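Student: Dropping the sequence and predicted coords here.
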Amino acid sequence: MPDSLASALPLRLALDDGDSPSDVVDALFLGRFATGEQPYARNTSIDRVKTGATLLPPDATVLRNAGGDDRSATLAEGKGWTLLASRWSRNADVTVIATTPELAAEVLARATDGARDEPEPRPDDVAMGFWYASPHRGPHRTTRRITARSWEEACSDYTTPVADSMDRLMRTRPEDVSGRLLLLHGPPGTGKTSALRTLARSWRDWCQVDCVLDPERLFNDVGYLMSIAIGEDDGTEEGRWRLLLLEDCDELIRGEAKHTAGQALSRLLNLTDGLLGQGRNVLVGVTTNEDLERLHPAVVRPGRCLARIEVGPLTRQESVAWLGTDRGVGREGNTLAELYALRRGSGPASVPRQDAGPAAGPYL
């Protein structure tokens with residue numbers, strides 16, 4: 001069988017000045033798998049590789065090593081197996097091909113044993129997932145531990161009606177879930193992203209929070225959407241809820257979205273309460289700077305939203321109480337970003353307001 005497969009797939013390698021040493025390493029690695037000499041492959045990805053980890057078994061013989069500014073590829077072999085370790089930043093992909101599936105799994109386990117850097121957990125740390133579509137690997141999920149304040153610490157950052165609504169949201173449990181869409185809308189700098197970090201901490205006992213870094217692609221790529229919505233290999237325990245966060249999705253959910261975004265809006269709605277979401281414990285959280293009146297009516301219809309919260313600035317009285325002084329506080333109050341700027345001594349004039357346009361920069 002290997003001979004017939006090899007003849008059906010003749011190997012040719014053409015190199016030019018656009019190829020790198022890493023491309024050669026990849027081609028050499030795939031050769032033994034393509035010919036059937038080592039027909040079994042096992043792979044794993046590691047976030048935060050421990051400093052000093054070689055990602056090689058002790059008995060490995062290094063055949064090639066290609067290094068770059070922030071990337072490297074190492075090709076190694078042993079009796080009956082070949083290993084490729086690709087590293088970038090502190091992340092790595094390790095793939096082993098071997099003559100038997102048991103050998104491939106055993107070598108992979110030895111190569112990666114103890115290689116993952118596990119920081120000491122802290123009470124205010126939350127494990128958050130991050131999804132993105134990699135040009136080379138397709139949909140990919142990585143995890144990070146982020147620092148998040150408790151709701152008791154963060155509640156004073158929000159005006160009283162908003163804090164009351166968020167308080168109910170923070171106390172939500174699986175049996176309380178009615179709608180599948182969580183919508184936070186309001187001007188930049190009012191603390192929408194900060195609230196989501198706190199929510200991840202409040203829900204961490206029953207819900208895994210994942211942030212989608214490229215939401216504009218998610219709902220326009222069916223394969224990507226299915227990997228997230230249906231796939232089991234997402235790092236969560238069976239029966240555990242997931243909250244997918246989509247930040248700054250103005251184009252996706254505003255009133256003219258059906259016309260401008262094609263099927264993207266329909267797929268979002270299908271994930272929240274259509275056939276796609278049936279049998280899946282998936283919630284979708286969306287932040288937007290749009291006013292409620294400009295949002296698509298299908299998004300905000302009754303029964304669809306678990307919570308729909310307009311996050312605005314604090315009143316003048318609340319701003320003075322938050323800051324501890326009335327110096328620099330506006331007559332109508334201030335956003336959370338402006339208050340932090342005042343606390344740092346830079347003043348609210350340095351904080352972009354909603355009418356600053358696309359170049360307004362980062363905000364809380």
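Tutor: That came through fine. Numbering: from 1, shown residues only.
Student: So for the longest helix anywhere in the chain, what gets flagged as buried?
Tutor: Counting residues, the longest helix found in the chain (DSSP state H) is helix 21-35. Residues of helix 21-35 classed as buried by neighbour count (16 or more other C-beta atoms under 10 Å): 22, 24-26, 29-35. Using the backbone N, CA and C atoms, a C-beta is placed for each residue, glycine as well.
Student: Out of those residues, which one has the weakest pLDDT?
Tutor: Across those, the smallest pLDDT goes to residue 22, namely 82.
Student: ok, it touching residue 64?
Tutor: No: under the criterion of C-beta atoms under 8 Å, residue 22 makes no contact with residue 64, lying 9.3 Å away.
Student: Please enumerate the shared neighbours of the two.
Tutor: Both residue 22 and residue 64 are contacted by residue 73, under the criterion C-beta atoms under 8 Å, 6 or more residues apart in numbering.
Student: since we're on residue 300, how many residues are nearby?
Tutor: 16 (other C-beta atoms under 10 Å).
Student: Local confidence estimate at it?
Tutor: For residue 300, the predicted pLDDT is 70.
Student: about what we covered before: in its sheet, what does the next helix or strand after the longest helix of the chain sit against?
Tutor: Downstream of helix 21-35, the first helix or strand assigned by DSSP states H and E is strand 40-46. Using DSSP bridges, strand 40-46 pairs in its sheet with strand 91-98 (antiparallel).
Student: Return the distance of the strand it pairs with from the chain's centre.
Tutor: Distance of strand 91-98 from its chain centroid, counting by C-alpha atoms, centre = their mean, to the nearest Å, is 22 Å.
Student: And it, what's buried?
Tutor: Buried residues in strand 91-98 (16+ other C-beta under 10 Å): 92-98.
Student: now swap in stretch 189-202 and tell me
Tutor: 189-202.
Student: Just give me the neighbour total for residue 167.
Tutor: Close neighbours of residue 167, defined as other C-beta under 10 Å, add up to 13.
Student: and if you look at residue 343?
Tutor: 13.
Student: residue contacts, it?
Tutor: By C-beta under 8 Å, 6+ apart, the contact set of residue 343 is residue 323.
Student: what's the distance between it and residue 330?
Tutor: Applying C-beta to C-beta, to the nearest Å, the value for residue 343 to residue 330 is 15 Å.
Student: try residue 85
Tutor: Residue 85 is 55 Å from residue 330, where distance means C-beta to C-beta.
Student: and these two? which has more neighbours close in?
Tutor: residue 85 (27 against 13).
Student: Name all residues that make contact with that one.
Tutor: With contacts defined as C-beta under 8 Å, 6+ apart, residue 85 is in contact with 55-56, 73-74, 76, 92-94, 111.
Student: ok, the residues you listed vs residue 334, which is closest?
Tutor: Within the contacts of residue 85, the smallest distance to residue 334 is 44.7 Å, found for residue 92 (C-beta to C-beta).
Student: who touches the closest one in this structure?
Tutor: Applying C-beta under 8 Å, 6+ apart, we find residue 92 in contact with 45-46, 49, 55, 85-86, 115.
Student: Next: residue 75.
Tutor: Counting by C-beta under 8 Å, 6+ apart, residue 75 touches 25, 28-29, 62-65, 82-84.
Student: Out of the residues you listed, which end up buried?
Tutor: Of the contacts of residue 75, these count as buried by 16+ other C-beta under 10 Å: 25, 29, 82-84.
Student: Which single one of the residues you listed is nearest to residue 182?
Tutor: Scanning the buried ones among the contacts of residue 75 for proximity to residue 182, where the rule is C-beta to C-beta, the winner is residue 84, at 40.9 Å.
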